[in-house]
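> Here is the input, now give the coordinates:
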Amino acid sequence: MTNIKIALEWFLNPDHLPMIAGIQSGAYKEAGLNVELISPSEHYDGFEQLKQGEIDIHCNEPLHLFEHYFDGLKSLGCFFETRGGVMIRKERIKKLQNNEKIRITTPAANEITNKIGFEILKRYAAQEGFEIAQENVEFVQNDFWHISNMKNDTTLDGAWLCFYNFEGIEAEYENFENIFIDQFISPYPNFSALEFMTTDEIINSKKTDINKFIEITNKMAVLCQGNTTLAKEYYYTYSKEEQSGLMDAIVEDTVKRFETNIKADNERWKHLAKFLEELDIVHLSDTEYQNIWN
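All right, here's what the predicted structure looks like:
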């Protein structure tokens, strides 16, 4: 039995269902894999754990392949992609249009994520024919419970780092009227996805087992898409979360967004890499970029 330790990007949630299904169904164990999912203390913990050889795989948003690049970092492919962006209360969109001060809740208020969040709003404004000033957009550090935070604090005009299969579905469920500013209404490359990442060292030592893991995870994505009742059962049993109408709706939306042919793709995130260069966030050489996918 080969141990495969996987560090998640945040807390366990339905985005991870292909792996949960692989564990709960026994499919990984039948292939000789003992898969362990590890929830981090901080969003970027998995990159240091990869460097130190403490885990075998990390899953995180693809922009971090570039932002947290290190020699030997490798993509195994994207397994999930949703719409993502900034949610603004519908009645507050006028404040944005009038370049008034707005407050945006986010679980990661820092220079880089704030810069990206503002750029999404700025590009949306330009496309709609108005301008906004950076000093009029304040990002407020909170957690990932965006809808609750906005309901409990009416001074918050919107939320940043929203995944539609979570916040968009919750807003629909709670009748929370909003404008969801994503890549379809603001011209920027989507990065609201999850990518499997590993290292040269792990590939060299566990190549056969990593390939088995990807093959089974593809099958589990197909299984979840074809049987949402079973997907919910696996999720609630594994997570020990109490079943709810909201989480049922989230699972139903999420399973449609899984990839069923996970593979490293050096074309998929090229526009994202260019976007990060334009914002002066990260600059990778052509060699460094290609090394991620080779």
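> what's around the nearest residue to Glu174 once chain neighbours are set aside, how many residues?
Leaving aside its sequence neighbours, Glu174 sits nearest to Ile147 (C-beta to C-beta, 6 or more residues apart in numbering; 5.9 Å). Every residue, glycine included, has its C-beta placed from N, CA and C. Using other C-beta atoms under 10 Å, Ile147 has 20 other residues around it.
> Equivalent analysis for the one 3 residues further on, please.
By the criterion of other C-beta under 10 Å, Met150 has 26 neighbours.
> can you pull the contacts of it?
Arg89, Thr105, Leu156, Gly158, Ala159, Phe176 (C-beta atoms under 8 Å, 6 or more residues apart in numbering).
> can I get those residues in a markdown table with pLDDT?
Supplementary listing: the contacts of Met150 in a markdown table, determined by pLDDT from 0 to 100:
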| residue | pLDDT |
| --- | --- |
| Arg89 | 98 |
| Thr105 | 98 |
| Leu156 | 98 |
| Gly158 | 98 |
| Ala159 | 98 |
| Phe176 | 97 |
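> now, which of those lie within strands?
Of the contacts of Met150, the ones assigned to strands by DSSP state E are Arg89, Thr105, Gly158, Ala159.
> Now for those: which two are most distant?
Maximum pairwise distance among the ones in strands among the contacts of Met150 (C-beta to C-beta): 11.0 Å, between Arg89 and Thr105.
> So for these two, which residue has more residues nearby?
Thr105 (28 against 20).
> ok, which pair from the contacts of Met150 is furthest apart?
Pairwise over these, using C-beta to C-beta, the maximum falls at Thr105 and Phe176, 13.1 Å.
> related to what we said a few turns ago, quick one: contacts for the residue nearest to Glu174?
Neighbours of Ile147 in contact, by C-beta under 8 Å, 6+ apart: Ala159, Glu167, Glu170, Ala171, Glu174, Phe176.
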